[in-house]
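> make a model of this:
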Amino acid sequence: MSENVDNSLMTEVLKEIRKPLRDQGTLLSRIVEILGHHSNRFNAIENRFDLIEGRLTSIDRRFHEQTVELETIIRGEMLGARTNFEIQWEDRLHDLDERIKALEDKAGT
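Down below sits the predicted model:
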């Protein structure tokens, strides 16, 4: 009879131990599920960052290309303006030179 009491007591103790273990198992399953969900969200966010990084790289490349193009256009415009300025001054100097020669010729005669 004492053996039955001991077995009965052991059975009750085991039942009491199993309940928290089941609860912990359920809790662990839920944690794994939540971590999987967060992992999926993290991967989605990481993919978005990759897309944003690609877009920013593309914008940076286009900005650089346009900067180079604008520099070329501005240099061309400045060179053209400088060339026109030089031509105008050469023409004026040539006119002045001709006037001076004409005055010298008049003064010499």
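> tell me which residue is most central in this structure.
Leu56 (3.3 Å; CA atoms, centre = their mean).
> give me the residue ranges of the protein where confidence is low.
Per-residue confidence for the chain (pLDDT under 70) gives these ranges: 1-5, 109.
> got the residue ranges for the helices in it?
Along the chain, the stretches classed as helices by DSSP state H are 2-108.
> so how many other residues sit close to Val32?
10 (other CB atoms under 10 Å). All C-beta atoms are positioned from the backbone trio N, CA, C, and that covers glycine.
> could you check how far it is from Thr26?
Val32 sits 11 Å away from Thr26, going by CB to CB, to the nearest Å.
> cool, Met78 as well?
Separation of Met78 from Thr26 (CB to CB): 77 Å.
> check contacts around Glu33.
By CB atoms under 8 Å, 6 or more residues apart in numbering, Glu33 lies in contact with nothing.
> gap between it and Leu27?
Counting by CB to CB, the gap from Glu33 to Leu27 is 11 Å.
> buried residues, stretch 55-73. List them.
Within stretch 55-73, no residue counts as buried by 16 or more other CB atoms under 10 Å.
> just the CA atoms of it, as CSV, please.
What follows is stretch 55-73, C-alpha atoms only, in CSV (Å, rounded to 0.1, in the frame of the first residue of the first chain):
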residue,chain,number,x,y,z
ARG,A,55,18.4,54.3,-56.0
LEU,A,56,20.8,56.7,-54.2
THR,A,57,23.7,55.3,-56.1
SER,A,58,21.9,55.8,-59.4
ILE,A,59,21.0,59.4,-58.4
ASP,A,60,24.6,60.1,-57.3
ARG,A,61,25.9,58.7,-60.7
ARG,A,62,23.4,60.9,-62.6
PHE,A,63,24.3,63.9,-60.6
HIS,A,64,28.0,63.4,-61.3
GLU,A,65,27.3,62.9,-65.0
GLN,A,66,25.2,66.1,-65.1
THR,A,67,27.9,68.0,-63.2
VAL,A,68,30.5,67.0,-65.7
GLU,A,69,28.2,68.0,-68.6
LEU,A,70,27.4,71.4,-67.0
GLU,A,71,31.1,72.0,-66.5
THR,A,72,31.8,71.3,-70.1
ILE,A,73,28.9,73.6,-71.2
